[in-house]
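S.K.: sequence and predicted structure below; questions after.
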Amino acid sequence: MIQTTSDDNKAANLDRAERLVRAAVAATRPDLIVLPELFAYLGGTPAGALAAAEAFPDGQAYAMLSGLARELGVNIHGGSIGERNGDTLRNTSLVFDRSGAEIGRYAKIHMFDVVTPDGLAYRESATFTRGERTMLCEVDGVRLGASICYDLRFGELFIALAKAGAQMVAVPAAFTLATGKDHWEVLLRARAIETQCYILAAGQTGTYVADGLVRANYGNSMIVDPWGTVIARAPDKLGWTSAAIDLDYLDKVRAAVPSNQNRVLTSFG
């Protein structure tokens with residue numbers, strides 16, 4: 001899980017992300033890297049976000065992710081990037097295999113339109129349009145589901161991914177400090193427990209400016225196992241955290257508490 005601090009300087013963000021990916025690969029030789037939400041451009045203005053967005057497969061961020069995956073021989077989940085969709089944007093995740101080929105794409109479904117406890121208003125729908133489809137892809141034969149940040153609060157998305165066969169779910173995020181200190185770990189652990197999946201959460205840390213206001217991200221990138229135990233957590237700075245995924249353990253958890261098989265959907269009326 002790569003943890004970075006992005007702002008409205010796309011070139012600097014891409015350079016920082018590339019350096020972190022290269023350092024993480026050199027240090028740990030991972031099979032899969034996950035970057036945070038909107039790692040290429042965060043904050044600024046809606047006009048700036050549109051200008052920085054990319055029409056895939058064109059664009060600097062797309063080329064960087066594909067090129068790094070191919071050069072380093074690693075699978076890369078590119079957190080999320082602003083995807084140009086005509087005159088509008090989508091907040092989109094891309095997954096690349098070891099050859100640099102795109103194997104997964106997901107546009108964020110739930111828009112973060114809230115006023116947080118510190119009084120700051122966020123209106124993601126003013127910049128982005130929502131996606132409509134879930135995504136599941138295979139990374140070295142392991143089934144990886146997709147979500148982005150605010151999606152974490154909607155357990156039904158994670159249940160749908162588990163029912164479709166997910167063994168891991170990525171949660172790239174720019175989770176606010178105000179909500180993150182109380183909800184981030186709790187929600188990640190809950191999603192892991194209810195789906196019995198590994199949860200791979202890569203977060204932005206530090207501050208950035210959006211529409212002239214300083215906003216803070218919670219960081220605390222982490223990996224949670226299918227029992228709900230946090231098995232890796234990043235310190236409060238730029239860097240990364242990593243852990244081994246044990247599919248035998250996943251199978252043992254699912255056999256011991258077969259909640260996925262026992263789940264019954266209920267309705268009223």
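M.R.: Perfect, thanks for sending it.
S.K.: ok so Ala40 is a strand residue?
M.R.: No - with DSSP: H, G, I helix; E, B strand; the rest coil as the criterion, Ala40 is located in coil rather than a strand.
S.K.: show me where the stretch 51-200 of the chain has helices.
M.R.: Applying DSSP state H, counting those that start in this stretch to the stretch 51-200 of the chain gives helices spanning 60-72, 155-163, 177-195.
S.K.: just checking, Leu38 touches Thr5?
M.R.: No - with contact defined as C-beta atoms under 8 Å, Leu38 does not reach Thr5; the gap is 11.6 Å. For glycine as for every other residue, the C-beta is placed from the backbone atoms N, C-alpha and C.
S.K.: who has more neighbours, these two?
M.R.: A count of neighbours by other C-beta atoms under 10 Å puts Leu38 above the other of Leu38 and Thr5, at 27 against 18.
S.K.: list the buried residues for stretch 157-173?
M.R.: Residues of stretch 157-173 classed as buried: 157-159, 161-162, 166-173 (neighbour count, 16 or more other C-beta atoms under 10 Å).
S.K.: Asn91 and Val264, how far apart?
M.R.: Distance, Asn91 to Val264, using C-beta to C-beta, to the nearest Å: 33 Å.
S.K.: higher neighbour count, those two?
M.R.: Set side by side, Asn91 and Val264 show unequal neighbour counts under other C-beta under 10 Å, the larger going to Asn91 at 29 against 4.
S.K.: please tell me how far the closest residue in space to that one that isn't next to it in sequence sits from Gly82.
M.R.: Spatial nearest neighbour of Asn91, chain neighbours left out: Lys108 (4.0 Å); criterion: C-beta to C-beta, 6 or more residues apart in numbering. Going from Lys108 to Gly82 by C-beta to C-beta gives 11 Å.
S.K.: same thing with Val74?
M.R.: For Val74, the distance to Gly82 - C-beta to C-beta - is 24 Å.
S.K.: who's in contact with Thr4?
M.R.: Contact analysis of Thr4 by C-beta atoms under 8 Å, 6 or more residues apart in numbering lists 13, 16-17, 20, 35-36, 39, 204-205, 238.
S.K.: same thing but at 7 Å, please
M.R.: Contacts of Thr4 were listed using C-beta atoms under 7 Å, 6 or more residues apart in numbering, and they are 16-17, 20, 36, 39, 204, 238.
S.K.: neighbour-wise, which one of those residues leads?
M.R.: Using other C-beta under 10 Å as the neighbour criterion, Pro36 leads the contacts of Thr4 with 31 neighbours.
S.K.: pretty sure that one contacts Pro172?
M.R.: Yes - contact between Pro36 and Pro172 holds when scored by C-beta atoms under 7 Å: they sit 5.1 Å apart.
S.K.: common neighbours of these two, please.
M.R.: 79, 202.
S.K.: tell me the phi and psi of Phe39?
M.R.: Per-residue torsions, Phe39: phi -70, psi -20 (degrees, to the nearest 10).
S.K.: distance of the nearest residue to it once chain neighbours are set aside from Thr266?
M.R.: Sequence neighbours aside, Gly79 is the residue nearest to Phe39 in space, at 4.6 Å (criterion: C-beta to C-beta, 6+ apart). In this structure, Gly79 and Thr266 are separated by 35 Å, where distance is defined by C-beta to C-beta.
S.K.: go on, Arg133?
M.R.: Computed as C-beta to C-beta, the Arg133 to Thr266 distance reads 25 Å.
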